[in-house]
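J.: Here's my sequence, what's the structure:
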Amino acid sequence: MRKTYPLRPEGKHPDRVLDAVKHDIRKYQKRERRVPLPAGIDFWDFDCRFGPSKEAAETLHPGALMAALDALAQAGGDTAYVELLAKPGHRNARATDASAPGPDEEPQA
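T.: Presented below is the predicted three-dimensional model:
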């Protein structure tokens, strides 16, 4: 999804427009996560870019997108450019700690 959202359209309350933009972004993410995973893929990840315009957009973690959108709206921005592209993701194995109690063991005090 590559889209430029107007944040201050005439005749609409800016808070409601911001809520609609957030809803549209979340709806896109949910739709992409429903796509069947190819073999060897653990989950759908997203490449994310955000900014007041396409030229000024910067790479951003998808989890920080809503906070950045709020900050742009608070600063009085007129438009917001959002680029979310789904990509395959692979989970990394967690490092096991030998001193940590297992699921059947009680922690030592």
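
J.: hey, let's count contacts and neighbours off CA atoms from now on
T.: Will do.

J.: for the host helix or strand of A67, what is the average pLDDT?
T.: According to DSSP states H and E, A67 maps onto helix 65-74. Average pLDDT, helix 65-74: 97.

J.: any idea how far L85 is from the residue most central in space within the chain?
T.: Centroid-nearest residue in the chain: P62, 2.7 Å away (criterion: Cα atoms, centre = their mean). Counting by Cα to Cα, to the nearest Å, the gap from P62 to L85 is 10 Å.

J.: okay, and the common contacts of these two?
T.: F46, D47, C48 (Cα atoms under 8 Å, 6 or more residues apart in numbering).

J.: now the residues you listed: which count as buried?
T.: Taking 16 or more other Cα atoms under 10 Å as the criterion, what is buried in the shared contacts of P62 and L85 is F46, C48.

J.: Please identify which of the shared contacts of P62 and L85 is nearest to K12.
T.: Among those, C48 lies closest to K12 (Cα to Cα), at 27.3 Å.

J.: for this protein, what's the longest strand?
T.: In the chain, with assignment by DSSP state E, the single longest strand is strand 79-89.

J.: Walk me through which strands that strand pairs with, and which way each runs.
T.: Paired strands of strand 79-89, with direction, are strand 2-6 (antiparallel), strand 43-51 (antiparallel) (DSSP bridges).

J.: can you give me the mean pLDDT across that strand?
T.: Mean predicted lDDT for strand 79-89 stands at 95.

J.: Can you give the distance of it from its chain's centre?
T.: How far strand 79-89 lies from its chain's middle: 8 Å, per Cα atoms, centre = their mean, to the nearest Å.
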